[in-house]
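In: Okay, here's the prediction I keep looking at, along with the sequence it came from:
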Amino acid sequence: MKDLISTIKNDKPICMVVHNNPDPDALASAGGLKFILRKKGFKNIKIYYDGLVGRAENQEVLKILEVSLFLTANISSPKKYQYILVDCQPFTGNVTLPNGVLPIGVIDHHRKRRKTFQVPYYDIRPDYGACSTIIYEYFSSLDISIPTNIATALCYAISSETQNLGREGSQADRKAYIELLSRLSFSQLSRTQYPKLSKDFVSNLSRALLNAFYYKNLIGVVMEELPYPDFAAQMADFLLRVRNMTWSLCLGTFKDVLFVSIRTSNTQADASKIIKKIMPKHGASGGHDMIAGGQVKIDKSDRSVVRTIKNEVILKMIRTLHANDVPNIVKLISNEAFPLS
């Protein structure tokens, strides 16, 4: 962290950029890092993103942090800023940067990408389950007291990212989580874990279940239109809880992008490799051993092409898990044949 501080110039404003459609880990990490940098004398700092903060839990994290987010599309004169990426890496397809910009710093817990080596400062820890754990360790190493609201957001983010430390949680994540528990607000944590849900969410959940399918140990859902991009990950997490299922797949479109999320309960798997196999070649993907996601631009006006792409993703997923199978896919609710057409 001290190396990052020495890399930052005092006379240039800071754009802190999180990945598109930011989740609790990205939001909490950025909020915590912004607080640290302010404590170190850097005043002109804004957090930028692209997409939506759609999920109710994510919106609660924003309320806890009491920070404002700004769209990267609204950055004017981008060359006058210095950029720090949080919970993402440059040129990976899931973060939006102005053209011609190279960040001065990258803090992430995903596998290191080649372009990241060009960045002056990077702290990449793929063995960590959450980026928020890295930020917690920055607080500790600099002996900066963590405010209650940031402690709450960081703790929830670690819990959310690792499913209460049961999914890819490292010793560092466990240590951070336990120590943050003594500093947070349990009322804020409860509101974030169990937010009020809109009627639209219930309607979308119903729609997803009606479009859900399964084949052997794979369960999934195909949606024509997602209510927000993170809904794909939300449904992949939800469906994996169905008994006897060890893999889940959710895909759907939002505007002109097809989003794909996969999850597994197999601790020996590598979801990041599987997502690369099933995504179209012109798409982008990334992830960890047990969670992964991808996206690809599409022309929604050509519905037959979009449907073909979705079918190919499903079939590639099945054949990756069950080589040479001719799948008999079944609807989850009715047990009728699930049409790939």
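Out: Arrived safely, thanks for sending. Numbering: from 1, shown residues only.
In: I'd say residue 271 and residue 289 touch.
Out: Yes. Using Cβ atoms under 8 Å, residue 271 is in contact with residue 289, at 6.1 Å. Just so you know, the C-beta spots here come from the backbone N, C-alpha and C atoms, and that holds for glycine as well.
In: which one of these two has more residues nearby?
Out: Using other Cβ atoms under 10 Å as the criterion, residue 271 and residue 289 rank with residue 271 on top: 22 against 17.
In: can I see the domain layout of this protein?
Out: With domains defined by automatic domain parsing, the chain comprises 2-193, 200-331.
In: for the record, mean pLDDT for the last one?
Out: In this model, domain 200-331 has a mean pLDDT of 94.
In: Can you give the distance of it from its chain's centre?
Out: Using Cα atoms, centre = their mean, to the nearest Å, the distance from the centre of domain 200-331 to the centre of the chain it belongs to is 15 Å.
In: May I have the distance across that domain, first residue to last?
Out: Domain 200-331 stretches 23 Å from its first residue to its last (Cα to Cα, to the nearest Å).
In: can you check the first one too?
Out: Using Cα to Cα, the gap from the first to the last residue of domain 2-193 comes to 33 Å.
In: From here on, call the first residue 22.
Out: Sure, I'll start numbering at 22, so the last one becomes domain 23-214.
In: so for that domain, what's the average pLDDT?
Out: 96.
In: can you put the domains of the chain in JSON lines and add distance to residue 360?
Out: Output for the domains of the chain, formatted as JSON lines (distance: least, Cβ to Cβ, whole Å):
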{"stretch": "domain 23-214", "distance to residue 360": "29"}
{"stretch": "domain 221-352", "distance to residue 360": "8"}
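In: so where do the strands sit in the stretch 72-221 of the chain?
Out: 90-92, 103-107, 126-129, 142-145 (DSSP state E, counting those that start in this stretch).
In: With respect to residue 282, which of these lies nearest?
Out: With Cβ to Cβ as the criterion, residue 282 lies closest to strand 126-129 of the strands of the stretch 72-221 of the chain, at 18.7 Å.
In: So what's the gap between the closest one and the chain middle?
Out: That offset, for strand 126-129, works out to 15 Å (Cα atoms, centre = their mean).
In: so what strands line up beside it?
Out: strand 103-107 (parallel), strand 142-145 (parallel) (DSSP bridges).
In: As a check, name the ranges of all helices in the chain.
Out: 23-28, 45-60, 77-86, 152-162, 169-183, 192-202, 207-214, 220-231, 252-260, 292-299, 324-342 (DSSP state H).
In: Tell me what residue 68 is bridged to.
Out: residue 37, residue 90.
In: In contact with it, which residues?
Out: Residue 68 is in contact with 37-39, 51-52, 55, 88-91, counting by Cβ atoms under 8 Å, 6 or more residues apart in numbering.
In: List just the nearest of those to residue 356.
Out: Looking across the contacts of residue 68 and measuring by Cβ to Cβ, the closest to residue 356 is residue 39, at 41.5 Å.
In: Count the residues that sit near the closest residue in space to the closest one that isn't next to it in sequence.
Out: Excluding the flanking residues, the one nearest residue 39 by Cβ to Cβ, 6 or more residues apart in numbering is residue 47, at 4.0 Å. When neighbours are counted by other Cβ under 10 Å, residue 47 registers 28.
In: Now do the same contact list for residue 47.
Out: Residues near residue 47 by Cβ under 8 Å, 6+ apart: 39-40, 70, 107-109, 152.
In: Please report how far it lies from residue 323.
Out: 32 Å (Cβ to Cβ, to the nearest Å).
In: now do residue 117
Out: 25 Å.
In: can you check residue 26 too?
Out: Relative to residue 323, residue 26 is positioned 50 Å away (Cβ to Cβ).
In: Same check on residue 293?
Out: With distances taken as Cβ to Cβ, residue 293 is found 29 Å from residue 323.
In: More neighbours: the two, which one.
Out: Shown here are residue 293 and residue 323; by other Cβ under 10 Å, residue 293 has more neighbours (21 against 11).
In: Quick one: closest of the strands of the stretch 72-221 of the chain to residue 330.
Out: strand 90-92 (27.7 Å).
In: Many thanks, I have nothing further to ask.
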